[in-house]
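>>> Fold the stuff below for me.
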Amino acid sequence: MRINGLVVAAAILIPAAPAVAQQDMIKGVYARSPEQCAEAKKDFDGFIGNGETVLTARGIEGIEYNCEFVDWKKATRSIGAVATMLCEEPGYAYPEVYAFMPRAEGEIEVSSPLTSAASDNPGNAGVYYLCEGVKMP
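Numbers count the residues shown, from 1 in each chain. Take a look at the predicted model:
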């Protein structure tokens, strides 16, 4: 009977693992440029209200758009990770896969097999910069 209790406790803890893993890499609030960080620091609600998004340990978040981390896999020979995310916009939801790679202190590159930072519409791809002093509401 004691074993059953341990199995149940382990099953409850397993879903929390991805959240803890990405928090090791993504600490704080990140925006797409230092200038966007300055805007977010002045007026976060206005920044998000203008359609901008931020990267946090929860995922990529905006006013009517978000991608929540569902699974996070840390690479074994690299400092990067790959994440499966559930993205939602008004009226529909869809899965996305992203790679996360720290590039410099306070910088994380995000890429996807569907988009790249060099494309005309990079989507969520690109380098995100840590916004010192910005906190999620």
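
>>> From now on I want contacts and neighbour counts done on CA atoms only, so please keep to that.
Fine.

>>> And for whichever strand or helix holds Glu35, what's in contact with it?
Assessed by DSSP states H and E, Glu35 sits inside helix 34-42. For helix 34-42, contacts defined as C-alpha atoms under 8 Å, 6 or more residues apart in numbering pick out Tyr30, Ala31, Gly46, Phe47, Ile48, Tyr129, Leu130, Cys131, Glu132, Gly133, Val134.

>>> Weed out the non-buried ones from the residues you listed.
When those are checked for burial by 16 or more other C-alpha atoms under 10 Å, the buried set is Tyr30, Ala31, Phe47, Ile48, Tyr129, Leu130, Cys131, Val134.

>>> in this structure, which spans are strands?
30-31, 54-56, 59-61, 66-74, 81-89, 92-104, 107-111, 126-130 (DSSP state E).

>>> how about these in CSV, adding distance to Lys41?
Converted to CSV, the strands of the chain look like this (distance: least, C-alpha to C-alpha, whole Å):
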stretch, distance to Lys41
strand 30-31, 11
strand 54-56, 12
strand 59-61, 16
strand 66-74, 20
strand 81-89, 25
strand 92-104, 21
strand 107-111, 17
strand 126-130, 11
